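Engineer: The sequence and its predicted three-dimensional model are supplied below.
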Amino acid sequence: MTASLPLTIPSTTDDVWSVSQLSASVKRLLEGHPMPLWVRGEVVQCKVWSSGHWYFTLRDKKTQVRCCLFGLNAARAGKPPADGTEVYVLGRPGLYEEKGEFQLVVSRILPTSAVGMKQQELERVKALLQQDGLFDPARKRRLPSYASTIALVTSRDGAAVHDVVTVTRKRWPCARLLVVAAKVQGEGAVEDLVRALRLVNRLPGVDLCIVGRGGGAREDLAAFNSEAVCRALAAVRVPTISAVGHEIDISLTDLVADVRAATPSAAAELAVADRRDVLRLIDDLSVRLASGLTGRTRLVAERLARAADRLHGRAEAALDLRRNQVERLAAQLEALSPLKVLGRGYAVPIAPDGRVLKRQAEFVRDERFQLRVVDGTIDARVES
Amino acid sequence: MPRAQNSADTAPLATELARLEEIVRKLEAEDLELDEALRLFEEGVSRLRSARERLSAAELKVQAVLEEAGGDLRLADLDG
């Protein structure tokens, strides 16, 4: 059956259509819409069949459309609405071919009053939390620069764990992730989230806490708008990130947490540094450490030369030979460490108490001292 | 109680890097005695090495936190 409605060519009896062909074409046309739509209307004549399916009519002042809600979706929807109930339904337009009837195949149904009540409850909780200062910008803590242990409060089976693990493994594999599993939607989710958040406070060594879930329908995010969960989140002792994956809505935990992330993956990006950046910082510090020693090395060489001047006997003879070299090399000693200077044959005299002996006056006849050379120390004594 | 492995046993990386920054600044400031400069340089080299090792060797550890009936906490490795 490949015919499509010839909308632009005049029809004749020569290319007559069967009813089935017409229906199939109309069905294709109707059901080409890939995304379900939210439709608002008033329910009348809702009938529940023994199969569990619901059939009802949705109408407004002028028109009406037949709707069906199949078994599984109907079971989730609770009690069938009474006549006249204002509802939102989520559905796809379709054609019931046997009857040639246009219908809406509904997957969700929500009384508008319930939505209104939910909104009111949300506003009430929000006002309470605001009054208690839980959204106060002054409360916001900074995230640690290099978190090493991160607690993740989310559903054990959800996508959030996988997403956070993936991002963290890529950016900051030296971290440790502690997954505190909690129910994030449905009955008992609020209590479970509160329990999990309290548990985070009992974990030693945690630097940061992420709480969240992957994307869900608006009703599925209700726990993240609950007062109890918000207060438990505010009581977490380490900085927090709320990551409730819903593009449009902001949940109350987003407002209470120190930082809000749009998704669990985004939370992980905020939570940990990128190892490559930190390695670059370490490289930079290495270079500065070496070049910081450049000036220091010059001074070391000069001091060694002066020490040689003041030493007598065999030590002086040996060092004297090198003194000119020291002066010549001093200018070239950029980036060489003091240890390397010792490697060229210099020694640092060190008193038994650890002081470096720098002046003649510090050498007392017959007193012992140590010469630090590149690979160790030599016991020495002042002879004259 | 589970032990904190990364944070309590060694100084946090932030502390380590802050100390390195301090060492470098001191060395750059040019008013140090030789023995102090030597000591700082050696400390800096060893801290740089340990910071680098810490970043390179590690593999992400994922653990589930489980609460026992008595309220004790236990960690179990997850494949992640």
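Structural biologist: Yep, it's here.

Engineer: Smallest distance to chain B belongs to which residue of chain A?
Structural biologist: residue A:205 (2.3 Å; Cβ to the nearest Cβ). In short, each C-beta sits where N, CA and C put it, glycine included.

Engineer: isn't that residue right next to residue A:149, touching?
Structural biologist: Yes - under the criterion of Cβ atoms under 8 Å, residue A:205 makes contact with residue A:149 at 5.0 Å.

Engineer: Looking only at neighbour counts, state which of those two leads.
Structural biologist: Shown here are residue A:205 and residue A:149; by other Cβ atoms under 10 Å in any protein chain shown, residue A:149 has more neighbours (24 against 19).

Engineer: Report the beta-bridge partners for the more buried one.
Structural biologist: When bridges are called by DSSP bridges, residue A:149 pairs up with residue A:176.

Engineer: so what secondary structure elements neighbour the helix or strand bottoming out on mean pLDDT in chain B?
Structural biologist: For chain B, scoring each helix and strand by mean pLDDT, DSSP states H and E identifies helix B:34-57 as the least confident one, at a mean of 84. Helix B:34-57 sits against helix A:275-310, helix A:338-343, helix B:13-28, with contacts defined as 3 or more Cβ pairs under 8 Å, 6 or more residues apart in numbering or on different chains; DSSP states H and E.

Engineer: after the second one comes which helix or strand?
Structural biologist: Using DSSP states H and E, the next helix or strand after helix A:338-343 towards the C-terminus is strand A:348-350.

Engineer: Counting neighbours, which bits of stretch A:243-261 end up buried?
Structural biologist: A:243-246, A:251-261 (16 or more other Cβ atoms under 10 Å in any protein chain shown).

Engineer: Give me the subset of those lying in strands.
Structural biologist: Counting by DSSP state E, these place A:243-244, A:259-260 in strands.

Engineer: which two in these are spaced the farthest apart?
Structural biologist: Greatest spacing in these, by Cβ to Cβ: A:244 and A:259 (12.7 Å).

Engineer: Least confident of the helices and strands packed on helix B:34-57, on average?
Structural biologist: Among the helices and strands packed on helix B:34-57, helix A:338-343 carries the lowest mean pLDDT, a mean of 67.

Engineer: what's the weakest-modelled helix or strand in chain A?
Structural biologist: helix A:313-330 (a mean of 54).

Engineer: Now do the same contact list for the residue of chain B most remote from its centre.
Structural biologist: No residue in chain B sits farther from the centre than residue B:69, which is 34.1 Å out by Cα atoms, centre = their mean. Neighbouring residues of residue B:69 by Cβ atoms under 8 Å, 6 or more residues apart in numbering or on different chains: there are none.

Engineer: three-state assignment of it?
Structural biologist: coil (DSSP: H, G, I helix; E, B strand; the rest coil).

Engineer: what sits against the nearest residue to residue B:52 once chain neighbours are set aside?
Structural biologist: Distances taken as Cβ to Cβ, 6 or more residues apart in numbering or on different chains put residue A:282 closest to residue B:52, at 5.9 Å, once the chain neighbours are dropped. Residue A:282 sits next to B:17, B:20, B:48, B:51-52, B:55 when contact means Cβ under 8 Å, 6+ apart.

Engineer: Buried ones among the residues you listed?
Structural biologist: Among those, those classed as buried by 16+ other Cβ under 10 Å are B:17, B:20, B:48, B:51, B:55.

Engineer: follow-up on the earlier one: relative to residue A:292, how far out is the residue farthest from the centre of chain B?
Structural biologist: 57 Å (Cβ to Cβ, to the nearest Å).

Engineer: same check, this time on residue A:256
Structural biologist: Taken as Cβ to Cβ, the span from residue A:256 to residue A:292 is 45 Å.

Engineer: can you check residue B:36 too?
Structural biologist: 13 Å.

Engineer: So which of those two has more stuff around it?
Structural biologist: residue A:292 (24 against 14).

Engineer: ok, back up a step: among the contacts of residue A:282, which two are most distant?
Structural biologist: B:20 and B:55 (13.1 Å).

Engineer: Helices along chain A, start to end?
Structural biologist: A:19-30, A:71-77, A:112-131, A:159-171, A:189-200, A:227-234, A:252-256, A:264-271, A:275-310, A:313-330, A:338-343 (DSSP state H).

Engineer: Which one, of the ones you listed, ends up nearest to residue B:43?
Structural biologist: Residue B:43 lies closest to helix A:275-310 among the helices of chain A, at 9.9 Å (Cβ to Cβ).

Engineer: How far does that closest one sit from its chain's centre?
Structural biologist: 39 Å (Cα atoms, centre = their mean, to the nearest Å).

Engineer: Distance check, the residue farthest from the centre of chain B against chain A.
Structural biologist: Distance, residue B:69 to chain A, using Cβ to the nearest Cβ, to the nearest Å: 14 Å.

Engineer: same question, residue B:66
Structural biologist: Between residue B:66 and chain A the distance is 9 Å, computed by Cβ to the nearest Cβ.

Engineer: Let's see the pLDDT reported for that residue.
Structural biologist: Listed pLDDT for residue B:66 reads 91.

Engineer: what's the answer for residue A:103, then?
Structural biologist: According to the prediction, residue A:103 has pLDDT 93.

Engineer: how many neighbours does the closest residue to residue A:245 other than its chain neighbours have?
Structural biologist: Closest residue to residue A:245 apart from its sequence neighbours, by Cβ to Cβ, 6+ apart: residue A:215 at 3.9 Å. By other Cβ under 10 Å, the residues close to residue A:215 number 16.

Engineer: surely residue A:215 meets residue A:243?
Structural biologist: No - the criterion here is Cβ under 8 Å, and residue A:215 misses it with residue A:243 at 10.6 Å.

Engineer: Are there residues contacting both of these two? Which ones?
Structural biologist: residue A:263.

Engineer: re earlier: okay, the residue farthest from the centre of chain B: pLDDT?
Structural biologist: Looking at residue B:69, its pLDDT stands at 86.

Engineer: Please give me every residue in contact with residue 75.
Structural biologist: Because you didn't say which chain, this covers chain A. Contacts for residue A:75 (Cβ under 8 Å, 6+ apart) come out as residue A:52.

Engineer: was after chain B, sorry
Structural biologist: A:178, B:2, B:63-66 are the contacts of residue B:75 under Cβ under 8 Å, 6+ apart.

Engineer: Give the PyMOL command for selecting the buried subset of those residues.
Structural biologist: Buried members of these can be picked out in PyMOL with the line below, counting by 16+ other Cβ under 10 Å:
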select buried, (chain A and resi 178) or (chain B and resi 2+63+64+65)
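
Engineer: Tabulate the contacts of residue B:75 (JSON lines), appending distance to residue A:10.
Structural biologist: Conversion of the contacts of residue B:75 to JSON lines gives the following (distance: Cβ to Cβ, whole Å):
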{"residue": "A:178", "distance to residue A:10": "72"}
{"residue": "B:2", "distance to residue A:10": "79"}
{"residue": "B:63", "distance to residue A:10": "73"}
{"residue": "B:64", "distance to residue A:10": "70"}
{"residue": "B:65", "distance to residue A:10": "73"}
{"residue": "B:66", "distance to residue A:10": "74"}
